[in-house]
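A.B. asks: return a 3D structure for these sequence lines:
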Amino acid sequence: MKLLRDYRFVVPTLVLVAGSTIIALNQFGANDSKAALATPLAPKIIALADLDAAGSKQELPSTHPPDIGSSNPVQQIQFLRTLLNENPDDEMALMGLANASLMIRRFDDAAPLYERLLQLNPQHIDARSNLASIKLEQGNVDEARRLLEENLKLSPDDGATLFNLGVVYVELKNHSQAVKTWQQWLAANPNSALAVGIKRRINELKISFSTSSNE
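C.D. replies: Alright, predicted model coming up:
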C-alpha cells in the first residue's frame with residue numbers, strides 16, 4: 001500500500017528516477033500480496049504521491065539558479081545543501097532535501113530534516129505526514145499514528161493525512177477506524193486514481209471484522 005506524500009519542494013528528476021524504480025516493485029493493487037497491508041515483506045510506502053489527491057507539484061526554491069537543469073539531480077541536491085549551509089532555517093530547502101532523501105529511502109537523512117522543519121514550523125502538515133511515513137516504514141506505528149492524528153487537529157480534511165492514517169489503523173488492526181477514515185477520504189477524493197483500490201480494501205476490511213464478530 002503506497003502512502004500519499006507531498007513533494008512540492010523536491011527535485012523533479014528525482015521524482016522520475018527514484019519513482020519509476022519503486023513503482024515497478026510496489027504498484028498499488030498489482031496483486032493481493034502488494035495490496036494486503038498484513039504481508040510482512042510488502043513495503044508499506046512508495047515514494048510517489050497521488051497527485052490529484054495531495055495536490056502536489058514538484059518545484060525547486062525560487063532562488064534555483066537557471067544554469068542548473070533538471071537533468072542533473074546531483075547539482076540540484078548540492079544546491080539545496082548550499083542553501084541550508086547559508087541559511088539552516090530555510091524551510092523550502094529543508095523540505096526539498098528531506099523529500100529527496102526520502103525518495104531514495106535514506107530515512108535516517110530525511111527524518112532529522114523534517115524534524116528540524118517542524119521545530120521551525122509546527123503547523124507544516126506535509127512535513128509531519130512524510131515523517132509519519134518514515135516512522136511507519138521503521139516499524140514505529142504508534143508514533144506514525146500520533147503524528148498523523150496531530151495533523152488532523154490542524155486540518156481535519158487533509159487528504160494525504162486521512163489516507164495515510166487509514167494505512168496506519170490497518171497496521172494497528174483497528175479495522176473499523178481504518179474504514180471510517182478511508183470513507184472520509186473517499187468522500188473528498190471520489191475521482192482519485194487510488195479510489196478504486198481503497199473501495200476494494202474497505203470492502204475486504206468490512207468482511208473481515210464482520211466475520212470475526214460472528215465467530
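
A.B. asks: not counting its neighbours along the chain, what's nearest residue 148?
C.D. replies: residue 165 (4.4 Å; CB to CB, 6 or more residues apart in numbering). (Each C-beta comes from the backbone N, C-alpha and C, glycine too.)

A.B. asks: wait, doesn't that neighbour sit right on residue 145?
C.D. replies: Yes. Using CB atoms under 8 Å, residue 165 is in contact with residue 145, at 7.2 Å.

A.B. asks: and those two? which has more neighbours close in?
C.D. replies: Taking neighbours as other CB atoms under 10 Å, residue 165 and residue 145 compare with residue 165 leading, 27 against 21.

A.B. asks: tell me the pLDDT at that one?
C.D. replies: Residue 165 is assigned 94 on the pLDDT scale.

A.B. asks: and it, what helix or strand is that in?
C.D. replies: Assigned by DSSP states H and E, residue 165 belongs to helix 159-171.

A.B. asks: could you point out the helix or strand that follows that helix?
C.D. replies: Defined by DSSP H and E, the subsequent element after helix 159-171 is helix 175-188.

A.B. asks: how close does residue 91 get to residue 142?
C.D. replies: As judged by CB to CB, to the nearest Å, residue 91 and residue 142 stand 27 Å apart.

A.B. asks: more neighbours: these two, which one.
C.D. replies: Remark: of residue 91 and residue 142, residue 91 carries more neighbours, 16 against 12, as counted by other CB under 10 Å.

A.B. asks: list the contacts for the more buried one?
C.D. replies: Residue 91 sits next to 117, 120-121, 124 when contact means CB atoms under 8 Å, 6 or more residues apart in numbering.

A.B. asks: can you select the buried ones from those residues in ChimeraX?
C.D. replies: In ChimeraX, a selection of the buried entries from the contacts of residue 91 looks like this (16 or more other CB atoms under 10 Å):
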select :117,124
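
A.B. asks: for residue 174, state which of the contacts of residue 91 is nearest.
C.D. replies: Residue 174 lies nearest to residue 124 out of those, by CB to CB, at 26.4 Å.

A.B. asks: what about the closest one? Give its phi and psi, please.
C.D. replies: phi -80, psi 90 (degrees, to the nearest 10).
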